[in-house]
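Undergrad: From the sequence below, what's the structure:
(chains A, B and C)
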Amino acid sequence: MSTATIPRPTKPWGLSFRQSIPDLVGAVATLLISFAIVGYSPLKGKLGFVATLLIVSIFVSAMISGVRRDRKAALNSISTVMIYVAGLFVILPLVSILYEIGRRGITGLSWGIFTTDMAVTSSDAPLDEGGLLHAVVGTLYIVLIATVFSVPIGILTSLYLTEIKGRAAGTIRFFVQAMSGIPSIVAGLFIYAVWMIALGNQYSAFAGAMALAILMIPTVARTSEEVLKLIPSDLREAGLALGGTQWRTVAMIILPAAQSGLITAVILGIARVAGETAPLLLTMGGADALNLNPFNGNSSAIPFYVWKNFSLGTENAVARAWTGVLVLMLIVLFFFSLTRFLANRKGRV
Amino acid sequence: MSSIQGVEKMTQDNPVHSLASVAAANSKAEQQKRIPGTGIEARKIHAWFGDKHVIDDVSIDFYPGTVTALIGPSGCGKSTFIRILNRMHEFIPTAAMAGEVLLEGKDIYEPGTDVTKIRLGIGMVFQKPNPFPSMTIKENVLSGLRLAQLKVSNQEELLESCLVRSGLWSEVKDRLNEYGGALSGGQQQRLCIARSLAVNPQVLLMDEPCSALDPGSTLRIEETIRELSSSMTIIIVTHNMQQAARVSDRTGFFLSDGGPGRLIECSSTTEIFSTPKDKRTEDYVTGRFG
Amino acid sequence: MRGFGINFTTRSPSRNHLSAHFILGNSSITHVSTAAPTLPPKRVITTKPRFSDKVFRAVVTTGGFSSLVILGLISLFLLYNGLNVFKSEGLKFITGFDWIVPQPDAGVPAQYGIGAMLWGTIVIGLIALFFGFPISVGAALFLSYYAPEWLKKPMVLVIDVMAAIPSIVFGLWGYFILMPHAEYWAKIIHKYLGFIPIFDMPAPVFTRSPFIAGLVLAIMIIPIITSITREIFAQTPLDRIQAAYALGATKWSMIKAVVIPYGRGGVIGGAMLGLGRAIGETVAVYTVLNIVFDIRIEVLLSAGGSVASMIVNKFGEANPDELKALMASGFVLFLVTLLINFLANFIINRTARES
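TA: Residues are numbered from 1 along each chain as shown, chains lettered A, B, ... in the order given. Okay, here's the model as predicted:
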């Protein structure tokens, strides 16, 4: 008895080879049938083949499950295939976009483009002339200024909704929701109407930043609110039961506990606005020259740069547009990864 | 065999009357005279949520240096009652109350009272252990000081003494800089107890502190409670009658008949479990309902 | 004042004082009080918040109200600037199809009507939802219940990155890469399903159509809807799911029985939020859509427009008069998106209450 051996762990719920045979047969059959259909019908090309493959595999797997077990299982198989396809469809566009950006943008990429602007170069000139320095600086300016304005307001709003819970909370929540639906062009029109028509200012990076801030606030506020709501209320109660004032409880316990989530809220806000084009078209003017003053004067930003080149439409201009897109994506991805890295390092929830 | 294990054995051997003998084995002298002006006293407490009357005229005097258990079926207002004792009840928007709570002779609901100060004197341990996730063990214990901006000359000493008193020191003394979330449930709860002790409260409220824990942790926490009771007033809400019998000197029995919760009877634990005055109390402690 | 300090007005003593009037036979004994005690009045609970807390509350409240203020200002300014146009055009602003810039010398009066653009906005929004919603929900289900562990994190990353991709990138990608493919599909749909009116074509021009714009928008709103839906699904109570399995459900029947009913309101709300985003999208639509002021139901045809893209189209060369019309258009767009958001929230709240 003392030498009883422990049995080897097995997974009896997995499929044995025998049991998997019908699935393998089904897979092969699907391929064959799809080839046949594509060969004999007007559907052509990779997309046509993939679409056919899909539909056929739905049928085949449904049939296998239906025969093997019952109708419920057949439905299950159909849905499984479709859901896997949906998952695939979500990944495909991104893969395509990233690939194309890399492929088309790389031709215009060189160190030189980060040190020159388009002040003296025409968009149609060869790609080794000119650059997008003015656009990069502009983008960094507007993102920074927009963040400075929108993050405090957004987090304060979410604190109002979760900590103070005043009588106006429901109304404010509703308005924040409404604000998140503002089309970017409307934000641009508003800043144009206020800053430039009513107050008589010129195009500037600051104006663009204000428009972006309007778009950023609701994202930051709503995400922060969701994050703060997730903090269990007994943390708050424990802090208060220990004799803490409200603001200390918030500052020392709740905000740190929500840290990574709040950082995510800010990232989402930045991601939302970094590439916005429409409001900038109305407020920044689209300069070709570098403008180091964010508060005055025609300015550009990367999306604007891309827009101008795309609108021109010539081969070199389009290439420049793609390069601009590549740079923009690199910046966005950089911010994205940076804040993720920070969030994982600092707080734990 | 420790006294608690002895009690456990007695309970197993002799189900019906054992609660009484358990209580007898653990009771302090109820002749302990109440020192006027200390301890905490609830007078004619009523509570409402909106229009719903949930606590009806409860008065209890909690003697210092004792452990008082509040027992009764779920939903009769025990948790609400202790939240009235440290002014946490008012966080619920529809809450209302009537009556007085006297801490050292002064009503804590007196207009103009500094609530945060009151809560320093009355600590609370919650049902689900809730160490602050963004703080290490050391930071958790000392968090009360930071929250209330209390200056203490020797923080290390306070840290060690709180952890010793809550029975956690030997298990965590080498990992004070780890995060609180890494501990087991029972250890987390003892951490929360240590945290409450750091601000030196006179009263400690415990809302079913062991209901989310395994029996081993439960017993250890009960030991802690017994040890702590010599230096403060402890009020513990519990569903577990055996726990009440093991741990408390006095017991209050709450009951609601569908309406507001009422205090049916409150006296020494021995009496409640062996010679209760009210038939409803007797029915509850002998297990006929609840 | 709510929250931290509660002030209740003292209520009058409740009317619980019982007096019983006994009527025995012909005589009556009045006023026998029973022993029922009077309930005491509720106490006024006050607290003296520390100064730091008062400051805290003031600061937070100001921040909280700012969104209201901003929204109010936006409505105000757009309305103010567009008022003249509304007054002169009246309801025709919304229903009219003509957009004629005034030429006072040639005697051509102004005529501004965004009806065609509104129609286009709705159409491409619906196309976007038609393609985007099923894929999003499917992907969310995939991530929640089908994907192997090693795939979940990368895929969530993919979706988050997609949400970060700027709309102008979608515009360029849509124009240069998607459009040729979509053209091909449009041709096929027209060939085989052309008998259905919306797929009919008066002229075989397939580029830059609402269909393609809808496709691009669908891809743009997928990350949003997927993320929201995934979060909703994650909240499905595990014990209900396990109960379904314990009763012998397949994965799909479990999803149908537990996950979808539980999350229905939230998912629909998420879809409407995606729709709102699609409707307000400017640049991506602008690049792949040929702006023509006409209402058509043939979605495959290269003609259409949305209010947002129209505004951008006309802004560059607008004189002050036309600018006012653009402001008015912006105001209308603003109202439409507000309406959709309001509806989305209403649905979410109503289903939340029912569940």
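Undergrad: Quick check, the residue in the stretch 151-300 of chain A closest to chain B?
TA: Across the stretch 151-300 of chain A, no residue is closer to chain B than residue A:244, which sits at 3.1 Å (CB to the nearest CB). In short, each C-beta sits where N, CA and C put it, glycine included.
Undergrad: tell me which residues in stretch C:336-350 are buried?
TA: C:336, C:337, C:338, C:340, C:341, C:344, C:345, C:347, C:348 (16 or more other CB atoms under 10 Å in any protein chain shown).
Undergrad: and if you look at stretch C:147-162?
TA: C:147, C:155, C:158, C:159, C:160, C:161, C:162.
Undergrad: Could you do stretch B:240-251 as well?
TA: Buried residues in stretch B:240-251 (16+ other CB under 10 Å): B:240, B:241, B:243, B:244, B:245, B:246, B:247, B:248, B:249, B:250, B:251.
Undergrad: any chance of those residues in JSON lines, with pLDDT too?
TA: Converted to JSON lines, these look like this (pLDDT from 0 to 100):
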{"residue": "B:240", "pLDDT": "87"}
{"residue": "B:241", "pLDDT": "87"}
{"residue": "B:243", "pLDDT": "90"}
{"residue": "B:244", "pLDDT": "91"}
{"residue": "B:245", "pLDDT": "90"}
{"residue": "B:246", "pLDDT": "91"}
{"residue": "B:247", "pLDDT": "91"}
{"residue": "B:248", "pLDDT": "92"}
{"residue": "B:249", "pLDDT": "92"}
{"residue": "B:250", "pLDDT": "93"}
{"residue": "B:251", "pLDDT": "93"}
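Undergrad: want to throw the buried residues of stretch C:336-350 into CSV with pLDDT, distance to residue B:174 and secondary structure?
TA: Compiled in CSV, the buried residues of stretch C:336-350 are given as follows (pLDDT from 0 to 100; distance: CB to CB, whole Å; DSSP: H, G, I helix; E, B strand; the rest coil):
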residue, pLDDT, distance to residue B:174, secondary structure
C:336, 88, 63, helix
C:337, 87, 58, helix
C:338, 85, 59, helix
C:340, 86, 58, helix
C:341, 80, 55, helix
C:344, 81, 54, helix
C:345, 74, 52, helix
C:347, 77, 55, helix
C:348, 70, 50, helix
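Undergrad: ok, and of these, which contact chain A?
TA: Counting by CB under 8 Å from any CB of the partner chain, C:337, C:338, C:340, C:341, C:345 from the buried residues of stretch C:336-350 sit close to chain A.
Undergrad: got the contact list for residue A:237?
TA: B:88, B:91, B:124, B:126 (CB atoms under 8 Å, 6 or more residues apart in numbering or on different chains).
Undergrad: and if you look at residue A:225?
TA: Residue A:225 neighbours (CB under 8 Å, 6+ apart): A:157, A:158, A:161, A:162, A:173.
Undergrad: coming back round to it: the residue of the stretch 151-300 of chain A closest to chain B contacts residue B:148, correct?
TA: Yes - contact criterion CB atoms under 8 Å: residue A:244 and residue B:148 qualify, at 6.1 Å.
Undergrad: what do those two both touch?
TA: Joint contacts of residue A:244 and residue B:148 (CB under 8 Å, 6+ apart) are residue B:116.
Undergrad: ok, residues contacting stretch A:185-192?
TA: A:207-208, A:210-212, A:214-215, A:278-283, C:73-74, C:77-78, C:280, C:282, C:308, C:311-312, C:326-327, C:330, C:333-334, C:337.
Undergrad: ok, of the residues you listed, which come out buried?
TA: Going by neighbour count (16+ other CB under 10 Å), these have A:207-208, A:210-212, A:214-215, A:278-283, C:74, C:77-78, C:280, C:282, C:308, C:311-312, C:326-327, C:330, C:333-334, C:337 buried.
Undergrad: List the buried residues of stretch A:125-137.
TA: Quick answer for stretch A:125-137 (16+ other CB under 10 Å): A:127, A:130, A:131, A:132, A:133, A:134, A:135, A:136, A:137.
Undergrad: would CSV of those with pLDDT and distance to residue A:269 be doable?
TA: As requested, the buried residues of stretch A:125-137 are exported to CSV (pLDDT from 0 to 100; distance: CB to CB, whole Å):
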residue, pLDDT, distance to residue A:269
A:127, 75, 34
A:130, 79, 32
A:131, 82, 29
A:132, 85, 24
A:133, 87, 26
A:134, 87, 25
A:135, 89, 21
A:136, 88, 20
A:137, 89, 21
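Undergrad: burial measure for residue B:156, as a count.
TA: Other residues lying near residue B:156 total 11 when counted by other CB atoms under 10 Å in any protein chain shown.
Undergrad: gap between it and chain A?
TA: The gap separating residue B:156 from chain A is 20 Å, by CB to the nearest CB, to the nearest Å.
Undergrad: pLDDT value on whatever residue of the stretch 151-300 of chain C ends up closest to chain A, please?
TA: Residue nearest to chain A within the stretch 151-300 of chain C (CB to the nearest CB): residue C:166, separated by 1.8 Å. pLDDT for residue C:166: 87.
Undergrad: Hmm, it is touching residue A:303, no?
TA: Yes - here residue C:166 reaches residue A:303: they are 6.1 Å apart, a contact under CB under 8 Å.
Undergrad: okay, and for the stretch 201-350 of chain C, where does confidence drop off?
TA: Applying pLDDT under 70 to the stretch 201-350 of chain C flags the ranges C:201-205, C:294-299, C:349.
Undergrad: what about 80?
TA: Where the stretch 201-350 of chain C drops to pLDDT under 80, the residues are C:201-208, C:290-304, C:318, C:345-350.
Undergrad: all helices of it, in order?
TA: C:210-234, C:238-246, C:251-254, C:260-280, C:283-288, C:307-315, C:320-354 (DSSP state H, counting those that start in this stretch).
Undergrad: which one of the ones you listed is the most hemmed in?
TA: helix C:283-288 (a mean of 30; mean count of other CB atoms under 10 Å in any protein chain shown).
Undergrad: can you give me the offset of it from its chain's centre?
TA: 21 Å (CA atoms, centre = their mean, to the nearest Å).
Undergrad: name the helices or strands packed onto that helix?
TA: helix A:302-312, helix C:167-173, helix C:210-234, helix C:307-315 (3 or more CB pairs under 8 Å, 6 or more residues apart in numbering or on different chains; DSSP states H and E).
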